[in-house]
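Trainee: got a sequence here, can you model it:
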Amino acid sequence: MADLGQVDEAIDHFRTALEIKPDYADADNNLGMALARRGRINEAIPHVRKALEIRPLYEEARANLLRVLSSQEQTARTLDQRRELIRVCPKNTGLLNETAWILATSPSLALRNRAEAVDLAQRAVDLSDGQEPAFLDTLAAAYAETGQFAEAVQTAEKAVELATQQKKKVFADAIEARIRVYKTRAPFRQGGE
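Mentor: Below you'll find the model as predicted:
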């Protein structure tokens, strides 16, 4: 989780490149993979597909599309495995956080579980003494999923403060964008859905 700020920064750079040159296959491919790394699979897929539309023989994009589509299917299959790992390793904060993020923000209703998302995210926050902005960000998303929008905003604001102190400006900006969503009384969805 330590380099998510760098991934967010890369996402911004690839988006800027596409604003300058919309038919830049490499930028679409790389943006898709950065979004996938951030867990935003539904947003990643169209970018990798667009790279292939621009360059149909683009082997790397073809392989990446298969990877991303497989990742989307795997998410559903791996939730049970994640839960079993959490039972075995209940203090693995990264696993707690990643699982809570999926359960809170998945565009698939079948994958979301509000109560479990809050529980797992709160455990990650507690184990990190509330000092990891990514964990607070996930807890905020889980609160929003349960309709606790005031708590979501308050928790996300703490995450922004910590991310800013840790000089993770791009990550802080991403959290602020989610705060704007929570203020409209809407939950955050991966891929912006």
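
Trainee: buried stuff in the lowest-mean-pLDDT helix or strand in the chain?
Mentor: The weakest-scoring helix or strand in the chain, judged by mean pLDDT, DSSP states H and E, is helix 59-88 (a mean of 83). Residues 61-62, 64-65, 68, 71-72, 75, 79, 82, 86 are the ones in helix 59-88 that count as buried (16 or more other Cβ atoms under 10 Å). In this view, the C-beta of every residue, glycine as well, is placed from N, C-alpha and C.

Trainee: any low-confidence regions in the protein?
Mentor: 1-5, 72, 191-193 (pLDDT under 70).

Trainee: show me it divided up by domain.
Mentor: Here the domain assignment for the chain is 1-77, 89-193, based on automatic domain parsing.

Trainee: against residue 167, how distant is residue 174?
Mentor: Residue 174 sits 15 Å away from residue 167 when distances are taken as Cβ to Cβ, to the nearest Å.

Trainee: these two: which has the busier surroundings?
Mentor: For residue 174 and residue 167, the more surrounded residue by other Cβ atoms under 10 Å is residue 174, and the numbers stand at 22 against 9.

Trainee: please identify the most buried of the domains of the chain.
Mentor: Of the domains of the chain, the one with the most neighbours on average (mean count of other Cβ atoms under 10 Å) is domain 89-193, at a mean of 19.

Trainee: what about that one, distance to the chain center?
Mentor: 9 Å (Cα atoms, centre = their mean, to the nearest Å).
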